[in-house]
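Undergrad: following is a predicted model, sequence given first.
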Amino acid sequence: MTALRSQAPAHRSRDAARWVVWGTKVVLRGARDLFSLLAGGGLGDALEPWKRAASALDIAYADLAAEGVRAVMFDLENTLIPPGGPFNAEGRQIVAKVRDAGLSVAVISNASASWVGSELTHEGIPYVAPAGKPGRDAFVKGCELLGVAPDEAVYVGDQMITDVLGAQRAGLRTILVPPRYDFEGGSAKFQRSVSRLLLRLYRKES
């Protein structure tokens, strides 16, 4: 994990009240889906990624292309760039590797559209934000933006619930990476705690 502490991004403090409402909706949607899967016995499969990697930089994108993948979509913060930005040299290196493999790139993020757009527009990266992950719709929209079917796309993210669960339920394959930086917001930490709890519950039921 890279030791970099980002200052609190302005877009979060400016939009705090609005994001409390939005975040609550996302959490409730995710909780409903998770407990439905837990009750039905499908939680383990839903939370188990297709592949794992040490970081988005370490993924062999040319190998994905050889397996029939046509597009790679990313979570933004703590996967592609530091929490709160900016879009840095490592993020550009990752995107370059994907494009060099002949694959299309997009970002699916729960952050505000205005902030995501400010980070990505000058990089030429299409995006869906705010995505409402783990809902399926944003992943489907991302595929439509890139002109690919869900089974031709891979989603790379650092969270089991919003990233792995959401993308796989939309028909994408997923690659789970650990958080890249040592700073993240409270909601991200909360998600990791929930993921660990749910996996423990699943293993007890198995």
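TA: Received, thanks.

Undergrad: the residue nearest to residue 130 when sequence neighbours are not counted is in what secondary structure piece?
TA: The shortest distance from residue 130 to any non-neighbouring residue, by Cβ to Cβ, 6 or more residues apart in numbering, is to residue 110 (5.5 Å). C-betas here are computed from N, CA, C, even on glycine. Assigned by DSSP states H and E, residue 110 falls within no helix or strand.

Undergrad: who's in contact with residue 110?
TA: Residue 110 makes contact with 26, 129, 130, 131, 132, 133, 162 under the criterion Cβ atoms under 8 Å, 6 or more residues apart in numbering.

Undergrad: does residue 70 touch residue 148 like I think?
TA: Yes - if you go by Cβ atoms under 8 Å, residue 70 and residue 148 touch, sitting 4.7 Å apart.

Undergrad: circling back to that earlier point, and which of the contacts of residue 110 is nearest residue 51?
TA: Taking Cβ to Cβ as the measure, residue 51 lies nearest residue 162 of those, at 17.8 Å.

Undergrad: find the nearest non-adjacent residue to the closest one, please.
TA: Nearest one to residue 162, counting by Cβ to Cβ, 6+ apart, is residue 133 at 3.9 Å.

Undergrad: those helices in this structure, which residues are they?
TA: For the chain, applying DSSP state H gives helices covering 10-14, 16-40, 43-47, 61-66, 89-100, 113-120, 137-146, 166-169, 186-205.

Undergrad: ok, so what distance separates residue 47 from residue 170?
TA: Here residue 47 is placed at a distance of 15 Å from residue 170 (Cβ to Cβ, to the nearest Å).

Undergrad: show me the contacts for the residue nearest to residue 49 when sequence neighbours are not counted.
TA: Excluding the flanking residues, the one nearest residue 49 by Cβ to Cβ, 6+ apart is residue 176, at 3.9 Å. Listed by Cβ under 8 Å, 6+ apart, the contact partners of residue 176 are 49, 51, 52, 53, 157, 158, 160, 163, 164.

Undergrad: can you say which of these are buried?
TA: For these, a burial check counting by 16 or more other Cβ atoms under 10 Å picks out 49, 157, 158, 160, 163, 164.

Undergrad: name the nearest of those relative to residue 82.
TA: residue 158 (12.1 Å).

Undergrad: quick check: the closest one touching residue 175?
TA: No - if you go by Cβ under 8 Å, residue 158 and residue 175 don't touch, sitting 10.1 Å apart.

Undergrad: where does the protein dip in pLDDT?
TA: In the predicted model of the chain, residues 1-44, 182-206 satisfy pLDDT under 70.
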